[in-house]
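Novice: what follows is a predicted protein model with its sequence.
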Amino acid sequence: MRRTVAVARWLESAGYPAGRAVNAGQPVVTGQQIVTFWEAVSDDGDQYASVAEVAEVPLKLHKLTAPADLHLPELAPFASAPQRIEASTWLSPQDRAFLTSVLAQTQTAYARLEFALPPGVIHGDANVGNVQVDHHGNPVVIDLDEFATGPRKWDLALTALYYDSFGWYTRKDTKTSCACTALTSWPGPVMRAVREFLMVTWVIQKPAESGQAAAEATKRIAALRTGANRKDRQPH
């Protein structure tokens, strides 16, 4: 949380449109809770940016150079995946073994990638839920917890995945951005596989919440196994 606040301060000093941390000593630790305070992006409640803006604001971020004292971590895509698979009490032994196998395959494929550009600043979770619109109608990036250094295409892959694989965005939504190249050109297919796999490991934490969540997790695992069409996938 200290780093997240420091990231917000740096982005403000750089004039980058991101959530602004309140100008006070923080984070505050109270009991077992760590609390941070942020300015509201808009007085009208949460208003989300267009898909084109979601794809474009990371490109501006990628041109920035973070100060060394910010100590951004290196992107670790699979940091939470093994624990999610192991901790799930919902998975069958067969599904657990399958996901463990896919994890190893996906890690190997990602490790083999070579990128033309050196690692740069990335948001880490650039998606439509993390770009809001302020009272002037300008896009503002929020949720700064996963800032890291890594390949820039990491920040474009979700927009492309939502469009091409899941059908959540239309061609009209994405035609003004270059995000689709993150999926259709090298190393897009591997990025797509990594992001989709991580989405599966995220949703296997949710089945206890509802029957809908359990059905979605079952569907996602089956699609990984069979290569089934992803167009029926539901955001969760």
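Specialist: Yep, that arrived.
Novice: tell me where the protein has helices.
Specialist: Assigned by DSSP state H, the chain shows helices spanning 2-13, 51-61, 81-87, 93-111, 154-164, 171-174, 181-184, 188-203, 211-226.
Novice: Leu117 is nearest to which of these?
Specialist: Counting by Cβ to Cβ, Leu117 lies closest to helix 154-164 out of the helices of the chain; the figure is 11.7 Å. Glycine gets a C-beta too; all of them are placed from N, C-alpha and C.
Novice: got the contact list for the residue nearest to Glu53 when sequence neighbours are not counted?
Specialist: Closest residue in space to Glu53, ignoring its immediate chain neighbours: Pro139 at 4.2 Å, by Cβ to Cβ, 6 or more residues apart in numbering. By Cβ atoms under 8 Å, 6 or more residues apart in numbering, Pro139 lies in contact with 17, 49, 53-54, 56-57, 131-133.
Novice: now do the contacts for Ser42.
Specialist: For Ser42, counting by Cβ under 8 Å, 6+ apart, the contacting residues are 132-135.
Novice: turn those into CSV, columns for neighbour count.
Specialist: Listed next are the contacts of Ser42 as CSV, based on neighbours: other Cβ atoms under 10 Å:
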residue, neighbour count
Gln132, 22
Val133, 18
Asp134, 17
His135, 11
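Novice: from those residues, pick the one nearest Asn23.
Specialist: Asn23 lies nearest to Asp134 out of the contacts of Ser42, by Cβ to Cβ, at 17.7 Å.
Novice: now do the closest residue to Trp90 other than its chain neighbours against Phe197, distance only.
Specialist: Leaving out its chain neighbours, the residue that sits closest to Trp90 by Cβ to Cβ, 6+ apart is Pro207, at 4.4 Å. Going from Pro207 to Phe197 by Cβ to Cβ, to the nearest Å gives 17 Å.
Novice: hey, which of the helices of the chain is tucked in deepest?
Specialist: Per residue and on average, the most neighbours among the helices of the chain fall to helix 154-164, with a mean of 24 (mean count of other Cβ atoms under 10 Å).
Novice: quick one: average confidence on that one?
Specialist: Averaging pLDDT along helix 154-164 gives 73.
Novice: also stretch 71-78?
Specialist: Mean predicted lDDT for stretch 71-78 stands at 96.
Novice: buried stuff in it?
Specialist: For stretch 71-78, the neighbour count (16 or more other Cβ atoms under 10 Å) marks 72, 75, 77-78 as buried.
Novice: all set, thanks.
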